[in-house]
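Chemist: Below is the sequence, then the predicted model.
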Amino acid sequence: MKTQELITTAKAMMAGSKGLLAMDESTATCNKRFAEAGIPQTIEYRRAYREMIVTTPNLGNVLSGAILFDETIYQGTNDGVLFIDILKKAGIVPGIKVDEGTIDLAGFPGEKITKGLDGLPERLAKYYELGARFAKWRAVITIGENIPSRGCIEANTHLLARYAAMCQEAGIVPIVEPEVLMDGSHTLQRCFDVTRNTLHELFDQLYAQNVDLNGLILKPNMVVPGLDCPMQASIDEVAEATVTCLLQTVPAAVPGVAFLSGGQSPQLATAHLNAMHVKYKGKLPWALTFSFARAIQQPAMDLWKGKDENIAAAQKLLYQRASLDDAARRGEYKPEME
Ligand code: 13P
């Protein structure tokens, strides 16, 4: 195993107060977001959108890594410069989403399992050659009546651990993402319990599969009440529940934790990350950063609308969002900065 290379990559991904940008929406998800924003759903618009993102001036000041999708990793600018080369030049480590989405979990109504292990070693070797140095696999855990089941948590975390082992073999740092969804009317406490169980099982599985914890990044959800829960939580309550949950489950050997935003507004996701740093500064064993998709991209996508004349303004918004998250990682974000 290329242990030293994995550790060096993970360190670069967690550098300074920067974070990661997930720009790895599958074609279906990207098209869905485009449809909502009134943008035509074609390969050329998806390419142009990603060009807008990666050519944002000074992006390397606030981002340490960017997660690409298979379609995007082969694409480049209108003038023919590959996106992956632009990222590398900006000092941003390129990563790649390697899971192939979710399907129904047989035997467990209402639950999902992630696809994509077949042929994964070959795909990882190809992505490494192209320049990707980390990967992402997202598992989905749904909270509902009598779910998540033990079977769902075990199956999903086992696949995450197998994926992680294959990545490390290929010299690629695995981001392991067990996302407990925000959909539903469950309480903060219920999200805490489910996230805690899931992370506990995940680290058991990673241990059982000989995954080197020094060479992986965890991408969890924050601990929040369900979107339809009548009792929403304060920013400080979310920060405290989230960090408490992580401290109880994530070994100190893990170099970094990078949150997904999961449907939180950009402002709230930033404020939550900031509150964690204000409250726990200097007391955490791992780096704590962001790996947002919607919470960084959404305002810029809505403004871009697929029009060239909006590129500069959209890039400004994208940079602003990422730099607010960078400030949050230092505990220096204030709502007035919005
Ligand atoms: P969101 O920040 O939009 O939840 O996306 C993060 C991600 O990469 C999901 O896999």
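Modeler: Thanks, I have the structure now. Residues are numbered from 1 along each chain as shown.

Chemist: Phi, psi for the residue nearest the centre of the chain please.
Modeler: In the chain, the C-alpha nearest the mean C-alpha coordinate belongs to Ser291, at 4.0 Å (C-alpha atoms, centre = their mean). Ser291 adopts backbone torsions of phi -140, psi 60, taken as degrees, to the nearest 10.

Chemist: Ile67 is in contact with that one, correct?
Modeler: Yes - checked against C-beta atoms under 8 Å, the pair Ser291 and Ile67 is within contact range at 7.3 Å. Bear in mind the C-beta positions are built from the backbone N, C-alpha and C, glycine included.

Chemist: okay, and the common contacts of these two?
Modeler: Leu20, Leu21, Ala22, Ile175 (C-beta atoms under 8 Å, 6 or more residues apart in numbering).

Chemist: can you give me the strands for the stretch 201-338 of the chain?
Modeler: 217-218, 256-259, 287-292 (DSSP state E, counting those that start in this stretch).

Chemist: Which residues of the chain lie near the ligand?
Modeler: Within the chain, the positions near the ligand by C-beta under 6 Å from any ligand atom are Ala22, Arg138, Glu177, Leu260, Ser261, Gly262, Phe292, Ala293, Arg294, Ala295.

Chemist: so who does the second one touch?
Modeler: Taking C-beta under 8 Å, 6+ apart as the criterion, Arg138 is in contact with Lys97, Asp99, Thr114, Glu177, Glu179, Lys219.

Chemist: Show me what it is bridged to.
Modeler: Using DSSP bridges, the beta-bridge partners of Arg138 come out as Glu177.

Chemist: Relative to Pro174, how far out is it?
Modeler: 12 Å (C-beta to C-beta, to the nearest Å).

Chemist: Tell me the backbone dihedrals of Lys112, please.
Modeler: Dihedral angles (degrees, to the nearest 10) for Lys112: phi -120, psi 160.

Chemist: what is it paired to in the beta sheet?
Modeler: Asp104.

Chemist: Wait, Arg162 touches Gln209, no?
Modeler: Yes - using C-beta under 8 Å, Arg162 makes contact with Gln209 at a distance of 6.2 Å.

Chemist: Can you tell me which of the shared contacts of Ser291 and Ile67 comes closest to the ligand?
Modeler: Distance to the ligand across the shared contacts of Ser291 and Ile67 (C-beta to the nearest ligand atom) is lowest for Ala22, with 3.2 Å.

Chemist: Help me confirm that the closest one comes into contact with Lys136.
Modeler: Yes - taking contacts as C-beta under 8 Å, Ala22 lies within contact range of Lys136: 7.4 Å.

Chemist: which residues are common contacts for those two?
Modeler: Ile67.

Chemist: Can you read off the pLDDT for the residue nearest to the centre of the chain?
Modeler: As predicted, Ser291 sits at a pLDDT of 99.

Chemist: again, but for Lys11
Modeler: Looking at Lys11, the pLDDT reads 98.

Chemist: how about it, what does it touch?
Modeler: Pro255.

Chemist: where does the strand or helix carrying it sit relative to the chain's centre, distance-wise?
Modeler: Lys11 is part of helix 3-13, with elements assigned from DSSP states H and E. Relative to its parent chain, helix 3-13 has a centroid offset of 18 Å by C-alpha atoms, centre = their mean, to the nearest Å.

Chemist: pull the CA atoms of it into CSV?
Modeler: Provided in CSV are the C-alpha atoms of helix 3-13 (Å, rounded to 0.1, in the frame of the first residue of the first chain):
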residue,chain,number,x,y,z
THR,A,3,0.8,4.6,2.8
GLN,A,4,3.0,7.7,2.7
GLU,A,5,1.3,9.0,-0.5
LEU,A,6,-2.2,8.5,1.0
ILE,A,7,-1.2,10.4,4.1
THR,A,8,0.3,13.2,2.1
THR,A,9,-2.8,13.5,-0.1
ALA,A,10,-5.1,13.5,2.9
LYS,A,11,-3.0,16.2,4.5
ALA,A,12,-3.2,18.3,1.4
MET,A,13,-7.0,17.9,1.3
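
Chemist: Counting neighbours, what do you get for Gln232?
Modeler: 13 (other C-beta atoms under 10 Å).

Chemist: Kindly report the same for Pro109.
Modeler: 11.

Chemist: And the one 3 residues further on, by the same measure?
Modeler: Applying the criterion other C-beta under 10 Å, we find 20 residues in the vicinity of Lys112.
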